[in-house]
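Participant: how would this look folded up:
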Amino acid sequence: MKKAVLFKLGQLFHFYDCRHSIFCFTFAHQKNSDAMIENRIHFIAIGGSAMHNLAIALNLKGYHVTGSDDEIVDPARTRLDSYGLLPGQFGWFPEKLDQSIDSIILGMHARSDNPELARAKELGLKIYSYPEFLYEQSKDKLRVVIGGSHGKTTITAMILHVMHYCGIDCDYMVGAKLEGFDVMVRLTEKAKIMVFEGDEYLTSPLDLRPKFHLYKPDIALVSGIAWDHMNVFPTFNNYIEQFRIFMQMVPDNGALIYCEEDKEVRKVAESVPGSMKKLPYGIPSYSVSDGKTRIITPDGEFALKVFGQHNLMNLEGARLVCNQLDISNSDFYKAISSFNGASNRLELINEKPGFNAYRDFAHAPSKLKATIQAVKEQYPERKLVACFELHTFSSLNKDFLAQYADSMEKADQAIVYFSPHALALKKLPMLQPGDIMTAFHKNNLLVFSDSGKLQEYLHDLEWGNSNLLLMSSGNFDGVQLKDFAESLNV
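Facilitator: Have a look, this model is predicted:
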């Protein structure tokens, strides 16, 4: 693969040795001269998580950026405002679009009948989806795409951390705020590599392909396949097929890295035709003692700041990607020892003697199970109170609930929360506590549908020699999780 990589880069990029390089590539984001002429870009639905980060990245690249949305909330609102990109008025203003705009970028949040979209079509403007535009910006670069139902944000973050440590310049797109990185999207002319977090959700209202199908990977990784997004992938087989298509996109001189611990991933990866390099990975040797996880390698033991078997597998996948970028195992392990994790991924939000509180983005059944297992393995002597919010379309769907069977088995106290308001917004039938208790197969499971009562219950618990795990892709109906964890009487 290294020869293919060097050929792809046209010998224009040198992989500097991490230990001896005197070069230091900065990931600071300042406006530069990459854009030799002004490019005028307008974002329809600029307030989305991915969209506002791309808008900031293009602004930093020197493009003239405008945008619109009917609602923008934090953190997007504050971040757009800090870069001078927050719309002066919320809403759609088709009359403001004209032929001076070079490109429109259409967000998934916008409806297909959006008035600005209709005006852009009328004017014959070039319209890109978010992933289409990212591909256009990276089509002459080496593209590394990290896919999977879970773990992709952490693996992407690990790779970027190691590359930063080793002084290797790259562009990137990642789905969480990372320590040491100002924004979640970076686009330049000079970087010869781009690392993508490859989401399998739909591209735009006009393009129903999964996003990661548009990135055309030279190096692809798949971390796991566990049915999700049943609103757009109605069967598990349909969902699996999206990953098969993704893997088949790897060129013959590329590399497909996959988690062999996941039977679905292994089955698909082994069946994909082509002469690309196939590199499976699993759980490396490790030890846990005194609340610390250490990875055992031929170069010795390395203490980690992350923990859990799922994160150890993430680490192995990241290592194999970095190997393809000419980073040695020795340098990888040195770099990964200082990795603190990605935001909201088993993130420590309060720590006191005999007590830790974590928040995690877990929402899929497999991730829920892995996260609970990780905390219990790290602190086996402590009671674990695990709270999970049903928040996504799939998790709130009664037909999907059975997928959560035994996912909270290792929690000493398991709690599930759902919001009736969220069900109404998603136009789903109301759930009953009995439906949830039956689906989860967990003795003494508690179910709450009132956020205030859940908070009261947690405040009344005795927290000596205990851990709290708060898992959601939301925030339990507006709870500031860090502030809440710090308010507990420990």
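
Participant: Show me what the helix or strand hosting Glu136 is packed up against.
Facilitator: Here Glu136, judged by DSSP states H and E, is contained in helix 130-138. Counting contacts by 3 or more CB pairs under 8 Å, 6 or more residues apart in numbering; DSSP states H and E, helix 130-138 packs against helix 49-61, strand 103-106, strand 171-173, strand 193-197, strand 202-204. To be clear about C-beta, it is placed using only N, CA and C from the backbone, and glycine gets the same treatment.

Participant: Can you check which of those gets nearest to Lys139?
Facilitator: strand 193-197 (9.6 Å; CB to CB).

Participant: Please tabulate the helices and strands packed on helix 130-138 in a markdown table and include mean neighbour count and distance to Arg79 as additional columns.
Facilitator: Output for the helices and strands packed on helix 130-138, formatted as a markdown table (neighbours: other CB atoms under 10 Å; distance: least, CB to CB, whole Å):
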| stretch | mean neighbour count | distance to Arg79 |
| --- | --- | --- |
| helix 49-61 | 23 | 6 |
| strand 103-106 | 23 | 17 |
| strand 171-173 | 26 | 16 |
| strand 193-197 | 26 | 18 |
| strand 202-204 | 21 | 22 |
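
Participant: So which other helices or strands are in contact with the lengthiest strand in the chain?
Facilitator: Among all segments of the chain classified by DSSP state E, the strand with the greatest residue count is strand 383-390. Under the contact criterion of 3+ CB pairs under 8 Å, 6+ apart, strand 383-390 touches helix 365-378, strand 413-418, helix 451-460, strand 466-471.

Participant: which residues does the most centrally placed residue in the chain contact?
Facilitator: Residue closest to the average C-alpha location in the chain (CA atoms, centre = their mean): Thr153, at 3.2 Å. Applying CB atoms under 8 Å, 6 or more residues apart in numbering, we find Thr153 in contact with Val174, Gly175, Ala176, Glu197, Ala342, Arg345, Phe361.

Participant: How are the helices of the stretch 101-250 of the chain distributed by residue range?
Facilitator: 115-123, 130-138, 152-165, 236-248 (DSSP state H, counting those that start in this stretch).

Participant: Show residues contacting the first one.
Facilitator: Helix 115-123 is contacted by residues 42, 44, 68, 92-95, 97-99, 101, 104, 106, 110, 127, 205-206 when judged by CB under 8 Å, 6+ apart.

Participant: swap in the second one?
Facilitator: Counting contacts by CB under 8 Å, 6+ apart, the residues outside helix 130-138 that touch it are 50-51, 54, 103, 105-108, 128, 171, 173, 185, 187, 194, 196, 203-204, 207, 211-212, 214-216.

Participant: And for Leu113, the neighbour number?
Facilitator: You called it Leu, but residue 113 is Asp. The tally of other residues near Asp113 (other CB atoms under 10 Å) stands at 8.

Participant: wait, what's in contact with the residue nearest to Val385 when sequence neighbours are not counted?
Facilitator: Counting by CB to CB, 6 or more residues apart in numbering, Gln413 is the residue found nearest to Val385 once chain neighbours are left out, at 4.5 Å. Each residue near Gln413 by CB under 8 Å, 6+ apart is listed here: Lys383, Leu384, Val385, Ala386, Asn444, Leu446.

Participant: I'd say the last one and Met408 touch.
Facilitator: No - using CB atoms under 8 Å, Leu446 is not in contact with Met408; the gap is 10.8 Å.

Participant: out of the two, which sits in the busier spot?
Facilitator: A count of neighbours by other CB under 10 Å puts Met408 above the other of Leu446 and Met408, at 25 against 17.

Participant: Just the pLDDT for the more buried one.
Facilitator: Listed pLDDT for Met408 reads 97.

Participant: same check, this time on Thr26
Facilitator: The model's pLDDT for Thr26 equals 34.

Participant: likewise Gln455?
Facilitator: Model confidence at Gln455 (pLDDT) stands at 97.

Participant: same thing with Gln480?
Facilitator: For Gln480, the predicted pLDDT is 93.

Participant: How many neighbouring residues does it have?
Facilitator: Other residues close to Gln480 by other CB under 10 Å number 12.

Participant: How about the one 10 residues further on?
Facilitator: Residue neighbour count, defined by other CB under 10 Å, stands at 18 for Val490.

Participant: what's the answer for Glu381, then?
Facilitator: 7.

Participant: Apart from its chain neighbours, what residue comes closest to it?
Facilitator: Asn465 is the one closest to Glu381 (CB to CB, 6+ apart), at 7.0 Å.

Participant: Enumerate every residue touching His229.
Facilitator: Glu200, Tyr201, Tyr239, Phe393, Ser394.

Participant: what's the third one in contact with, if anything?
Facilitator: If I follow you right, that is Tyr239. Glu200, Ile225, Trp227, Asp228, His229, Phe233.

Participant: What does the pLDDT read for it?
Facilitator: The predicted local distance difference test score for Tyr239 is 89.

Participant: what's the distance between it and Phe400?
Facilitator: Using CB to CB, to the nearest Å, Tyr239 is found at 12 Å from Phe400.

Participant: helix/strand/coil for Gly341?
Facilitator: When classified by DSSP: H, G, I helix; E, B strand; the rest coil, Gly341 comes out as coil.

Participant: That one: how many residues sit nearby?
Facilitator: 24.

Participant: and it, what does it touch?
Facilitator: For Gly341, the contact set (CB under 8 Å, 6+ apart) comprises Thr154, Ala157, Lys305, Val306, Asn311, Glu347.

Participant: and which of those is nearest Arg143?
Facilitator: Ala157 (17.4 Å).

Participant: Quick one: mean pLDDT over stretch 209-218.
Facilitator: For stretch 209-218, mean pLDDT rounds to 92.

Participant: for the closest residue to Ala402 other than its chain neighbours, what are its contacts?
Facilitator: In space, and not counting its chain neighbours, Ala402 is closest to Ala439: 5.2 Å by CB to CB, 6+ apart. Shown in contact with Ala439 (CB under 8 Å, 6+ apart): Leu401, Ala402, Tyr404, Ala405.

Participant: Just the buried residues out of those residues, in PyMOL syntax.
Facilitator: Selecting only the buried entries of those in PyMOL, with 16 or more other CB atoms under 10 Å as the criterion:
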select buried, resi 401+404
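
Participant: Now distance to Ala485, pLDDT and secondary structure too, for the contacts of Ala439, in TSV please.
Facilitator: Listed next are the contacts of Ala439 as TSV, based on distance: CB to CB, whole Å; pLDDT from 0 to 100; DSSP: H, G, I helix; E, B strand; the rest coil:
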residue	distance to Ala485	pLDDT	secondary structure
Leu401	27	94	helix
Ala402	31	92	helix
Tyr404	24	95	helix
Ala405	28	95	coil
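
Participant: Low-confidence bits of the stretch 151-300 of the chain, can you list those?
Facilitator: 230 (pLDDT under 70).

Participant: Kindly recompute the last result at 80.
Facilitator: 175-183, 201-208, 228-232 (pLDDT under 80).

Participant: Please apply the same query to the stretch 301-450 of the chain.
Facilitator: 343.

Participant: Between its first and last residues, what's the separation in stretch 442-456?
Facilitator: 22 Å (CA to CA, to the nearest Å).

Participant: I would like the residues contacting that stretch, please.
Facilitator: 387, 406, 408-409, 411, 413-420, 433, 436-437, 457, 476-479, 484.
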